[in-house]
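Enquirer: below are the sequence and a predicted model; questions follow.
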Amino acid sequence: MLREIRPMLAARLVVMVVRTICKESSNYSKFDVNLLRKIHDSNKILVMAGAGLSTPSGIPDFRSPESGLYNNLQRYKLPYPEAIFDLNFYANNPGPFLDLARSIYPGAGNIKPNIGHYFVRLLEVKGKLLRMYTQNIDGLERCN
């Protein structure tokens with residue numbers, strides 16, 4: 001699917017990503033053109049991503065009030081929030097981790113790649129992605 005994206009469609013995808021990222025800015029049309037030119041002319045693009053890439057897909061980050069993972073761990077009655085990722089705790093009580101993993105695993109429920117993931121994948125398909133550094137474990141940027 002991504003291999004068949006025409007250049008103009010790819011350019012629109014980039015602009016959509018930029019506008020999503022820069023939605024607070026009122027002057028992104030010049031930024032759009034400059035970014036498109038840089039992406040077009042580059043073959044070694046480095047992407048660094050954190051939880052913000054996947055939160056629009058429904059994967060919680062750790063610290064946001066209301067929706068953050070740490071704020072929603074009370075239901076597991078853990079001795080401390082990080083226990084859900086502690087190997088010793090898991091050895092004695094794997095249930096909380098397995099339940100959490102099922103709830104945020106890509107393909108579970110409504111968790112699907114978003115425009116940012118497709119953009120990273122497009123860079124890879126077009127041979128422009130040098131490397132991606134991420135803390136995310138969801139793998140959504142490897143979408144097809």
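Expert: Looks like it arrived, so ask away.
Enquirer: low-confidence bits of the protein, can you list those?
Expert: 1-31, 67, 105-109, 144 (pLDDT under 70).
Enquirer: can you give me the strands for it?
Expert: If DSSP state E is used as the criterion, the strands of the chain fall at 45-49, 129-134.
Enquirer: right, and the ones you listed - which one's nearest G116?
Expert: strand 45-49 (7.5 Å; CB to CB). (C-beta placed from N, C-alpha, C; glycine too.)
Enquirer: show me what that closest one is packed up against.
Expert: Under the contact definition 3 or more CB pairs under 8 Å, 6 or more residues apart in numbering; DSSP states H and E, strand 45-49 sits against helix 115-125, strand 129-134.
Enquirer: now with 6 Å, please.
Expert: Judged by 3 or more CB pairs under 6 Å, 6 or more residues apart in numbering; DSSP states H and E, strand 45-49 is in contact with strand 129-134.
Enquirer: please enumerate the helices of the chain.
Expert: Counting by DSSP state H, residue ranges of the helices within the chain are 7-21, 29-41, 87-92, 95-104, 115-125.
Enquirer: tell me the angle of the last one relative to strand 129-134?
Expert: Yep, that's helix 115-125 we're talking about. With axes from the mean of the first three to the mean of the last three CA atoms, to 10 degrees defining the directions, helix 115-125 sits at 140 degrees from strand 129-134.
Enquirer: what of the second one?
Expert: In this structure, helix 29-41 runs at an angle of 120 degrees to strand 129-134, with the same axes, to 10 degrees as the basis.
Enquirer: what about the nearest residue to D99 once chain neighbours are set aside, distance to A101?
Expert: Sequence neighbours aside, Y76 is the residue nearest to D99 in space, at 7.5 Å (criterion: CB to CB, 6 or more residues apart in numbering). From Y76 across to A101, the span is 12 Å (CB to CB, to the nearest Å).
Enquirer: of all the strands of the chain, which one is nearest Y80?
Expert: strand 129-134 (25.9 Å).
Enquirer: and that closest one, which residues are buried?
Expert: L129, M132, T134 (16 or more other CB atoms under 10 Å).
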